[in-house]
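Chemist: Generate coordinates for the sequence data below:
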Amino acid sequence: METGHASKVAKLSYSPTVIDLSRIPAPNAIEPLNPETLIAAFKARFVAVWDQYRAKDPTLPAYDVASLEFDPVVVAGEAFSYFRLLDRARVNAAVKGVLAPFAKGTDLDNIVAGANLERLIVVPANPVTGAAAVYETDAQLLNRYLLSFDKPSAGSAAAYLSRAFAAWPGMHDAAVIGRAVHGRRGDVDLVVIGPGGRLATSAEISAVRAAVDNDHAKPEATSVVVINARRAEYALDFEIEVGTGPDASIVADEAAARILAVTAERTAIGAGVPASLTIGAAYGPNVLVARDLGGFAGIPADPYTIPVCTSISVRPVVRT
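Modeler: Here you go, the predicted structure:
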């Protein structure tokens, strides 16, 4: 299986006030949905109510719904439980709709409006071709929303990032690098990279520079330079041994998907890609041995560099 690599989710290399929302557990208000639990509760309640009526009228027969799979009461209970499940799912959706880590689409639009933000256009509509405008994704909008809380703090790393992502909403990643790294007093390097790890155009660089290099964004004595990240390209060529039984091509596709996931996670400015990470990702169900045929030695972490995986090849060999 071979695949190219292009991540669609914007990431932030350095953002001191942006928390990792993926680690936040769902609130207790969001109820786990289990139709079997609802059906069992219906049956138990039905039997309890039926027994109450039998106590009033001993001529009524005992009713054992547990052993009557196609009994009308059981069928009605399943139908009723289904609608109860939909009600609970609707409540869950309503709770998620007012929480930033879980909100999507127009729900998220309404949340970020409280910070005076709106979803930006990445690619304008084309009246000639009829192509609709392309707006920033939920992930990109959520990143800007979180960064906006530090926007009034001129000169802070998060403020630079907030303004940069607003100026170029399609930007994949950005990193703020100061004296602690480059050793130059009063200088700030804002390193940027485009979607899929492509270099920024001169127009995109200019837009970001205009947003961060002004009196509202930075202290007077600070110099801000906007530059492209350096691309460290690498290709992966793996061979995996699979046992007899499962379709070898499916196992290879699954291995490639795992490798793609870890390389996408590492497509960030300042991230390193250890060779052990990629070969380790190749292992999974039905993979007996994984071999690196391309001799990938890894990409060391560098504050100005972004690793970009250009291709992934996984060839299966069936062990007989």
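
Chemist: Which parts of the chain are strands?
Modeler: 2-3, 11-12, 121-123, 134-135, 173-177, 187-193, 223-228, 230-242, 287-292, 305-318 (DSSP state E).

Chemist: Nearest to K43, out of the ones you listed?
Modeler: Within the strands of the chain, the stretch nearest K43 is strand 287-292; the backing value is 43.9 Å (C-beta to C-beta). Every residue, glycine included, has its C-beta placed from N, CA and C.

Chemist: Enumerate the positions of that closest one that are buried.
Modeler: Using 16 or more other C-beta atoms under 10 Å as the burial criterion, the residues of strand 287-292 that qualify are 287, 290.

Chemist: before we move on, what about stretch 298-313?
Modeler: Those would be 299, 303-309, 312-313, for stretch 298-313 by 16+ other C-beta under 10 Å.

Chemist: nearest to M171, of the residues you listed?
Modeler: Distances from M171 to the buried residues of stretch 298-313, taken by C-beta to C-beta, are shortest for I306, at 11.9 Å.

Chemist: So for F70, what's the pLDDT?
Modeler: Per-residue pLDDT puts F70 at 73.

Chemist: cool, and I259?
Modeler: At I259, pLDDT is 97.

Chemist: Quick check: it touching Y283?
Modeler: No: I259 is beyond contact range of Y283, at 10.2 Å (criterion: C-beta atoms under 8 Å).

Chemist: Which one of the two is surrounded by more residues?
Modeler: Neighbour totals were compared for I259 and Y283, and I259 leads with 27 against 13 (other C-beta atoms under 10 Å).

Chemist: How about the contacts made by the more buried one?
Modeler: Contacts for I259 were tallied using C-beta atoms under 8 Å, 6 or more residues apart in numbering; they are 236, 238, 278, 281-282, 312, 314.

Chemist: burial measure for the closest residue to it other than its chain neighbours, as a count.
Modeler: Distance criterion C-beta to C-beta, 6 or more residues apart in numbering; nearest residue to I259, sequence neighbours excluded, is A281 at 4.6 Å. Burial measure for A281: 21 neighbouring residues, criterion other C-beta under 10 Å.
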